[in-house]
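1. Generate coordinates for the sequence data below:
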Amino acid sequence: MSVHSQGNVEMRSIARYGTIIVIIHALAVILHGLAHREIPVPLSPFQHWFVASIIVVAPIAAMILLWTPLQQLGSWLLLCSMAGALLFGVYHHFIVLSPDRISQVPLTDWGIVFHITAILLSLTEGIGCAISAWGVSTLQRREQVL
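-> Now for the predicted structure:
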């Protein structure tokens, strides 16, 4: 198998794994958003913008790009969006003392969903960072060979 065809197989794997993690992440985002609404845990206008653009739209756009000739852009977009989402989530859910911190949300009904999805979001975002970094490095290696 040539280096070029091996890289194509690897990029299809990256696109497949990237798609899986983005879908799982999107489901966790939906459930976490429902928990935010039901508890309620309000977000500022900036937080709403960040969630909508960086946490929701950007990973989905990146997932689509991973299946096109714009794989490098898709890998970078997925890396940046997942890293941004991870930093945002860790800060708001685990560090800063606010109504969004998991220690401030009681473990009842939607609070349980809030806790589980906050942790699931961090996990999927970390995995998304790893997959997209794999994509970026694979494409950079492939460009060096060509």
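2. can we go C-alpha only for contacts and neighbour counts from here?
-> Will do.
3. so what does the strand or helix carrying V113 touch, helix or strand wise?
-> Element membership for V113, per DSSP states H and E: helix 110-145. Under the contact definition 3 or more Cα pairs under 8 Å, 6 or more residues apart in numbering; DSSP states H and E, helix 110-145 sits against helix 3-38, helix 71-90.
4. from the chain's centre, how far out does the shortest one sit?
-> Centroid displacement of helix 71-90 relative to its chain, using Cα atoms, centre = their mean, to the nearest Å, is 6 Å.
5. Please identify the buried residues of it?
-> By neighbour count, with 16 or more other Cα atoms under 10 Å as the criterion, the buried positions of helix 71-90 are 71-86, 88-90.
6. quick one: low-confidence parts of the protein?
-> 1-7, 143-146 (pLDDT under 70).
7. Report the buried residues of the helix holding V113.
-> 110-111, 113-115, 117-122, 124-136, 138-139.
8. what's the angle from that helix to helix 3-38?
-> Relative orientation of helix 110-145 with respect to helix 3-38: 160 degrees, computed using axes from the mean of the first three to the mean of the last three Cα atoms, to 10 degrees.
9. any idea of the angle helix 110-145 forms with helix 71-90?
-> Going by the same axes, to 10 degrees, helix 110-145 makes 150 degrees with helix 71-90.
10. just to revisit the earlier point, any chance of the helices and strands packed on helix 110-145 in a markdown table, with distance to P59 too?
-> Listed next are the helices and strands packed on helix 110-145 as a markdown table, based on distance: least, Cα to Cα, whole Å:
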| stretch | distance to P59 |
| --- | --- |
| helix 3-38 | 6 |
| helix 71-90 | 5 |
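11. H48 is nearest to which of the ones you listed?
-> Shortest distance between H48 and the helices and strands packed on helix 110-145, using Cα to Cα, is found for helix 3-38: 10.6 Å.
12. The closest one packs against which elements?
-> For helix 3-38, the helices and strands in contact under the criterion 3+ Cα pairs under 8 Å, 6+ apart are helix 58-66, helix 110-145.
13. angle of it against helix 58-66?
-> 160 degrees.
14. chain center to helix 3-38: distance?
-> Going by Cα atoms, centre = their mean, where helix 3-38 is centred and where its chain is centred differ by 7 Å.
15. buried stuff in that helix?
-> Of the residues in helix 3-38, those scored as buried under the neighbour-count criterion (16+ other Cα under 10 Å) are 7, 10-12, 14-19, 21-23, 25-26, 28-29, 31-33, 35-36.
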